[in-house]
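Engineer: Just the structure for this:
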Amino acid sequence: MYSENLKKIIDNMEKVIVGKTDAVKLLIVGLLTKGHILIEDVPGLGKTMLALALAKSISADFKRIQFTPDLLPSDVTGGFIYNPKTGDFDIKKGPVFTNILLADEINRTTPRTQSALLECMQEYNVSLDGKTFALPNPFIVVATQNPIEYQGTYPLPEAQIDRFSMKISMGYLRNEEEVKVISEQKIQHPIENLKPALDLEKVLELQEEVNKIQVSPNILDYIVKLVSATRKKEEVKLGASPRASIALMKTSCAWALLEGRDYVIPEDVVNLLPWVLKHRLILQPKALIAGKTPEHIISDLLRSTPIP
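Structural biologist: Residues are numbered from 1 along each chain as shown. Okay, the predicted model is just below:
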């Protein structure tokens with residue numbers, strides 16, 4: 001039943017998102033595990049539509065913040081405003097009070113504003129003037145950044161990068177897929193007519209089901225061996241933290257649920273490993289000069305670590 005509900009979300013999103021089944025599934029995995037997603041790709045490939053299609057498919061509230069250098073922390077979280085009628089300060093909640101928050105071009109804003117989002121991503125609440133306000137449930141951040149523009153950007157600090165459960169990309173469409181996309185958008189975008197496939201109550205049930213997925217000790221050991229090996233690679237300046245192990249376990253459970261199983265198999269871990277690890281690995285300068293990438297390191301790990 002649960003895999004059928006997940007298939008409903010996938011099928012519904014693919015009415016809008018053409019030829020990107022993996023990206024759709026990975027975003028759903030993020031939702032199921034309450035994990036935040038970083039999408040790094042060039043403009044015009046549907047990053048915004050991907051997040052909006054998910055929100056519409058599950059009847060979720062959706063907000064978008066366009067991150068710019070002059071954006072203030074209060075523009076994200078909100079603040080207190082004086083009410084002359086009552087003589088009190090009333091809270092004005094910012095756009096972060098939503099179910100799915102699209103943080104567009106997150107690396108274009110200052111570290112001060114980026115850090116305001118960090119607490120929301122970590123604690124799932126907002127602190128304003130000593131008071132704490134819980135964020136809606138579910139809540140995930142879908143952040144985007146452009147991989148080729150660096151001028152006028154503020155690279156995300158390691159602490160914030162680590163808060164993202166996965167880093168994914170969209171990639172270009174095949175010719176026949178692009179033909180389908182432009183023909184469907186001749187009059188209006190299909191997103192305008194997209195109807196919900198599930199309600200939020202069903203989504204919360206699915207999140208609970210992920211927690212019930214069985215993970216054997218052998219699989220847990222495999223996950224830890226893969227992640228801890230990144231800290232011993234000479235090409236790696238900064239390896240993945242235990243948070244990466246937790247993210248890999250949770251996303252593997254969600255992937256198993258997507259596949260209709262109530263237990264994790266090694267292939268689940270292998271499928272999710274690149275998306276969970278690649279943004280967490282910082283390579284040595286000499287490795288970068290030699291043309292090494294995080295993807296090369298991850299491929300080496302998979303070859304050298306025995307599958308249970």
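Engineer: Report the rounded mean pLDDT for the longest helix anywhere in the chain.
Structural biologist: When the chain is parsed with DSSP state H, its longest helix is helix 242-258. Computed over helix 242-258, the mean pLDDT rounds to 96.
Engineer: next one: stretch 172-190
Structural biologist: Rounded mean pLDDT across stretch 172-190 is 84.
Engineer: One more: stretch 123-133?
Structural biologist: Stretch 123-133 comes out at a mean pLDDT of 88.
Engineer: Give me the contacts around it.
Structural biologist: Residues from elsewhere that reach stretch 123-133, judged by C-beta atoms under 8 Å, 6 or more residues apart in numbering: 34, 77-80, 91, 93-94, 96-97, 119-120, 134-135, 137, 139. C-beta here means a position set from N, CA and C on the backbone, and glycine is covered the same way.
Engineer: per-domain residue ranges of this protein.
Structural biologist: Under the assignment automatic domain parsing, the domains of the chain span 17-181, 212-308.
Engineer: rank those domains by pLDDT, which is bottom?
Structural biologist: Least confidently modelled of the domains of the chain is domain 17-181, at a mean of 90 by mean pLDDT.
Engineer: one step back: C-terminal to the longest helix of the chain, what's the next element?
Structural biologist: Sequence order places helix 266-277 as the next helix or strand after helix 242-258, per DSSP states H and E.
Engineer: tell me what that next one is packed against?
Structural biologist: Packing contacts for helix 266-277, counted by 3 or more C-beta pairs under 8 Å, 6 or more residues apart in numbering; DSSP states H and E, involve strand 164-168, helix 217-229, helix 242-258, helix 294-304.
Engineer: F133 and C120: what is the separation?
Structural biologist: According to C-beta to C-beta, to the nearest Å, F133 stands 10 Å off from C120.
Engineer: Neighbour count: the two, which is higher?
Structural biologist: Counted by other C-beta atoms under 10 Å, F133 and C120 do not tie: C120 has more neighbours, with 22 against 14.
Engineer: Counting neighbours, which bits of the one helix or strand the more buried one maps to end up buried?
Structural biologist: Taking DSSP H and E as the definition, C120 sits inside helix 111-123. For helix 111-123, a neighbour-count test (16 or more other C-beta atoms under 10 Å) marks T113, Q114, A116, L117, L118, E119, C120, M121 as buried.
Engineer: Equivalent analysis for stretch 163-178, please.
Structural biologist: In stretch 163-178, counting by 16+ other C-beta under 10 Å, buried: R163, F164, S165, M166, K167, I168, S169, M170, L173.
Engineer: so who does the third one touch?
Structural biologist: Contact partners of S165, counting by C-beta under 8 Å, 6+ apart, are G30, T33, G35, H36, I37, A247, K250, T251, V276.
Engineer: hey, where'd the helices end up in this protein?
Structural biologist: Secondary structure of the chain (DSSP H): helices at 2-13, 21-32, 47-57, 73-77, 111-123, 158-161, 175-184, 200-211, 217-229, 242-258, 266-277, 285-289, 294-304.
Engineer: List the contacts of the first one.
Structural biologist: For helix 2-13, contacts defined as C-beta under 8 Å, 6+ apart pick out 21, 24-25, 28, 50, 53-54, 57-58, 194-198, 202, 205-206, 209, 257-260.
Engineer: what's the answer for the last one, then?
Structural biologist: Contacts to helix 294-304, defined as C-beta under 8 Å, 6+ apart, come from residues 226, 229-230, 233, 235-236, 270, 273-274, 277-279, 281, 283.
Engineer: okay if I get these as a markdown table plus neighbour count and distance to I297?
Structural biologist: Shown next, in a markdown table, are these (neighbours: other C-beta atoms under 10 Å; distance: C-beta to C-beta, whole Å):
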| residue | neighbour count | distance to I297 |
| --- | --- | --- |
| L226 | 23 | 11 |
| A229 | 17 | 9 |
| T230 | 22 | 7 |
| K233 | 17 | 6 |
| E235 | 17 | 6 |
| V236 | 20 | 6 |
| V270 | 16 | 15 |
| L273 | 22 | 11 |
| P274 | 17 | 10 |
| L277 | 24 | 8 |
| K278 | 19 | 9 |
| H279 | 20 | 12 |
| L281 | 21 | 6 |
| L283 | 19 | 7 |
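Engineer: Relative to E105, which of those is nearest.
Structural biologist: H279 (16.2 Å; C-beta to C-beta).
Engineer: Grab the nearest non-local neighbour of the closest one.
Structural biologist: Counting by C-beta to C-beta, 6 or more residues apart in numbering, H279 lies nearest to K167, which is 3.7 Å off, once chain neighbours are set aside.
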